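Undergrad: mind folding the following:
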Amino acid sequence: MHQDFSLKNISIEKNNHPLPKPGADVNLGFGKYFTDHIFTAHFKRNQGGWQNFQIKPYSHLSMDPAACVYHYGQALFEGLKAFRQHDGKVAIFRPEFNANRMNQGCDRLDMSPVPKELFVNAVKELVSLERDWIPTGMGTALYIRPTLVGTEGFLGVRPSDEYLFFILLSPVGSYYTSGSKSVRIWVETEEIRAAKGGLGAIKAAANYASSLHAAAKQKKNGFDQVLWLDAMTKDQIEEVGTMNVFFVLKNEIVTPALNGSILPGGIRECTIKLLKDMNLPINERPVTMTELVAAYKKGEFLEMFGTGTAAVISPVGELQYKDLTMKLNENPDSIANKLYKEFTDIQYGYKEDRYQWLTHI
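TA: Residues are numbered from 1 along each chain as shown. Reported below is the predicted structural model:
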């Protein structure tokens, strides 16, 4: 039986005790502040599927101590942004992409998929209600975190028959403490994030849990993030814990080909499109540290940058691999800076959205 996931079926309970909004002079950081409301929906396999579509005051969630998510890790999330454009309009960046990617993750974790119409409509309705929370400065946005967890209470290894889908919102600034400046990246050669056949290609919470130890260790050493290598050779490059990566070499720009353990990032996909339209030689192929070290020593490794929803485009100023410190080009005419300007011009409405990436509300 077809379910109706239209906006009219989302009930709204207003928060009678609004949270204080951070002032314009506050450094928002990333994920420190949350808006007045959240969206929730429940799935019960034996009780008609998806139900109870609600926007309600931001509050704690209540789950059975035996909930599947606590014991067997059925947890997925997505990340996207809404922007306050220069003319005051509000635009959400590619919600359909994130809806589709979440459901690819649902398939891998054997979770009930979130209907695309429900996902997109819930995002639009919640952002519309919280539009006063969207910051106005360049480099700021309203971060949107849709999350799906298994909630059925049981002990015994199997998929849950009940799920909670919820969305929370957070006004954010720059992801990295360095702001828009270049970041320092450590190449991890001992621990691994994911392996082919595992969960690396989806936004499972487990991927991030496995990255925390190395990332926390290297942050103490002054690095912003960790670059992960493949599980087998410890040479083939995969991704940074929070970003896909691109390398500007003498004769081409390369990004690691999706191989089953690399997350197919939305900004990655858009970046490839932009580079092609700029008539630059972009290739998706395997990239190794052996290749990069050789290119660097010959003066042919010119630039590196990361792509992701949180940071958009992040130039890498330093890449540390074992005892080799690679200092990379940070000139104002870098490809990373050109891409960042192109993305932000579109997101903030200064340039035509020729790719139809934005959903206005």
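Undergrad: contacts and neighbour counts: CA atoms only from here.
TA: Noted.
Undergrad: Asn46: how many residues sit nearby?
TA: 8 (other Cα atoms under 10 Å).
Undergrad: spatially nearest residue to it (excluding sequence neighbours)?
TA: Spatially, and ignoring its direct neighbours in sequence, Asn46 is nearest to Asp161 (7.8 Å; Cα to Cα, 6 or more residues apart in numbering).
Undergrad: okay, how far is it across stretch 105-115, tip to tip?
TA: 13 Å (Cα to Cα, to the nearest Å).
Undergrad: hang on, I meant stretch 234-249
TA: Terminal-residue distance, stretch 234-249 (Cα to Cα): 21 Å.
Undergrad: just the strands in the stretch 251-361 of the chain please.
TA: Along the stretch 251-361 of the chain, counting by DSSP state E, counting those that start in this stretch, strands occupy 253-255, 282-284, 301-308, 312-321, 324-327, 358-360.
Undergrad: coming back round to it: shouldn't the residue nearest to Asn46 be in contact with Glu152?
TA: Yes - Asp161 is within contact range of Glu152, at 6.2 Å (criterion: Cα atoms under 8 Å).
Undergrad: between those two, which one's more packed in?
TA: Glu152 (20 against 17).
Undergrad: that one and His71 touch, don't they?
TA: No - with contact defined as Cα under 8 Å, Glu152 does not reach His71; the gap is 10.8 Å.
Undergrad: Ser59 and Pro159: what is the separation?
TA: 27 Å.
Undergrad: then Phe30?
TA: Counting by Cα to Cα - Phe30 and Pro159 are separated by 32 Å.
Undergrad: swap in Arg94?
TA: 29 Å.
Undergrad: with Asn121 instead?
TA: In terms of Cα to Cα, Asn121 sits 27 Å off from Pro159.
Undergrad: could I get the full set of helices for the stretch 101-250 of the chain?
TA: 116-129, 205-220 (DSSP state H, counting those that start in this stretch).
Undergrad: which one of those lies nearest to Gly317?
TA: helix 205-220 (15.6 Å; Cα to Cα).
Undergrad: give the contact list for Ala257.
TA: Glu284, Arg285, Pro286 (Cα atoms under 8 Å, 6 or more residues apart in numbering).
Undergrad: let's have these in TSV, adding pLDDT.
TA: TSV is the format used below for those (pLDDT from 0 to 100):
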residue	pLDDT
Glu284	98
Arg285	98
Pro286	97
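Undergrad: of the residues you listed, which is the nearest to Tyr348?
TA: Nearest member of those to Tyr348, counting by Cα to Cα, is Glu284, at 28.6 Å.
Undergrad: that closest one is in contact with Thr255, isn't it?
TA: Yes - if you go by Cα under 8 Å, Glu284 and Thr255 touch, sitting 5.1 Å apart.
Undergrad: can you work out which residues contact both of those two?
TA: Counting by Cα under 8 Å, 6+ apart, nothing touches both Glu284 and Thr255.
Undergrad: between those two, which is the more surrounded one?
TA: Thr255 (24 against 13).
Undergrad: excluding residues flanking it in the chain, which one is nearest the more buried one?
TA: Phe246 (4.6 Å).
Undergrad: so what's the one you found up against?
TA: So Phe246 contacts Ile253, Val254, Thr255, Pro256, Met304, Phe305, Gly306, Thr307 (Cα under 8 Å, 6+ apart).
Undergrad: contacting residues around Thr325?
TA: Here Thr325 is in contact with Glu318, Leu319 (Cα under 8 Å, 6+ apart).
Undergrad: can you tell me how far it is from Ala310?
TA: On the measure of Cα to Cα, Thr325 and Ala310 end up 26 Å apart.
Undergrad: thinking again about what came up before, please identify the most buried of the helices of the stretch 101-250 of the chain.
TA: helix 116-129 (a mean of 20; mean count of other Cα atoms under 10 Å).
Undergrad: domains for the protein, by residue range?
TA: 7-173, 183-347 (automatic domain parsing).
Undergrad: Serialize the ones you listed to CSV and add fields for distance to Tyr355.
TA: Converted to CSV, the domains of the chain look like this (distance: least, Cα to Cα, whole Å):
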stretch, distance to Tyr355
domain 7-173, 10
domain 183-347, 9
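Undergrad: who's more crowded, Ser59 and Pro159?
TA: Under the neighbour definition other Cα under 10 Å, Ser59 and Pro159 were set side by side, and Pro159 has more, 17 against 9.
Undergrad: which residue sits closest to that one, ignoring its sequence neighbours?
TA: Asp110 (6.4 Å).
Undergrad: how many other residues sit next to that neighbour?
TA: Neighbours around Asp110, by other Cα under 10 Å: 14.
Undergrad: against Val245, how distant is it?
TA: Taking Cα to Cα, one finds Asp110 at 29 Å from Val245.
Undergrad: equivalent analysis for Phe5, please.
TA: Relative to Val245, and taking Cα to Cα, Phe5 is found at 36 Å.
Undergrad: and the two? which has more neighbours close in?
TA: Taking neighbours as other Cα under 10 Å, Phe5 and Val245 compare with Val245 leading, 23 against 19.
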